[in-house]
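# give me coordinates for this.
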Amino acid sequence: MATANMKDVKRRIKSVESTKQITKAMQLVATSKMRRAKERAVAVQPFFETLFNAMCDISKDSNFTSVFTTKVEKKKTLMIVIAGDRGLAGGFNVNVLKKAAAKADDLRQKGREVSIMVIGKIAVEYFS
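Predicted coordinates:
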């Protein structure tokens, strides 16, 4: 009886070690992706700052008029909901979809027409 119990313990140890290796590999992949995303964000920083400064200058100029700077009250709202394609980001997808649905309901109660554009398989399935 003790040998069967020992086999179960050894099998469980091996299973935990295998899970540990898989988790470590996933962590390395996620770290690599995060590093690349950070590098891309840093690379576009000068363009963002230039655009931001230009928009600030435009908003300070009271004589500047454009269709993009005039305020017009519309009764329509477009929501763009971005969710993942895979289930590995379950908590993220659930939170995004709940907040989007709540915001859409809130806007509809205020008498606004809401259109929802979705990106990602999970969001398409949720809103269809």
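# A helix includes residue 115, no?
No. Assessed by DSSP: H, G, I helix; E, B strand; the rest coil, residue 115 does not belong to a helix; its assignment is strand.
# so what's it bridging to?
Listed beta-bridge partners, residue 115: residue 78 (assigned using DSSP bridges).
# give the residue spans of the protein that score low on pLDDT.
The chain contains residues with pLDDT under 70 at 1-3, 61-62, 64, 69, 87-88, 90.
# run the last query once more with 80
Residue ranges of the chain with pLDDT under 80: 1-4, 58-74, 86-90.
# could you pull out the strands in it for me?
In the chain, the strands defined using DSSP state E lie at 76-82, 113-119.
# closest to residue 23 out of those?
strand 76-82 (26.6 Å; Cβ to Cβ). From N, CA and C alone the C-beta is placed, and that goes for glycine too.
# which residues are in contact with stretch 28-42?
The contact list for stretch 28-42 (Cβ atoms under 8 Å, 6 or more residues apart in numbering) is empty.
# for that stretch, list the C-alpha coordinates in PDB.
Provided in PDB are the C-alpha atoms of stretch 28-42 (Å, rounded to 0.1, in the frame of the first residue of the first chain):
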ATOM      1  CA  LEU A  28       9.600  34.300 -21.000                       C
ATOM      2  CA  VAL A  29       7.300  34.700 -24.000                       C
ATOM      3  CA  ALA A  30       5.200  37.300 -22.200                       C
ATOM      4  CA  THR A  31       8.400  39.200 -21.100                       C
ATOM      5  CA  SER A  32       9.700  39.200 -24.700                       C
ATOM      6  CA  LYS A  33       6.300  40.500 -26.100                       C
ATOM      7  CA  MET A  34       6.200  43.200 -23.400                       C
ATOM      8  CA  ARG A  35       9.700  44.300 -24.200                       C
ATOM      9  CA  ARG A  36       8.900  44.700 -27.900                       C
ATOM     10  CA  ALA A  37       5.700  46.600 -27.100                       C
ATOM     11  CA  LYS A  38       7.600  48.900 -24.800                       C
ATOM     12  CA  GLU A  39      10.200  49.500 -27.500                       C
ATOM     13  CA  ARG A  40       7.500  50.400 -30.000                       C
ATOM     14  CA  ALA A  41       5.800  52.800 -27.500                       C
ATOM     15  CA  VAL A  42       9.100  54.500 -26.900                       C
END
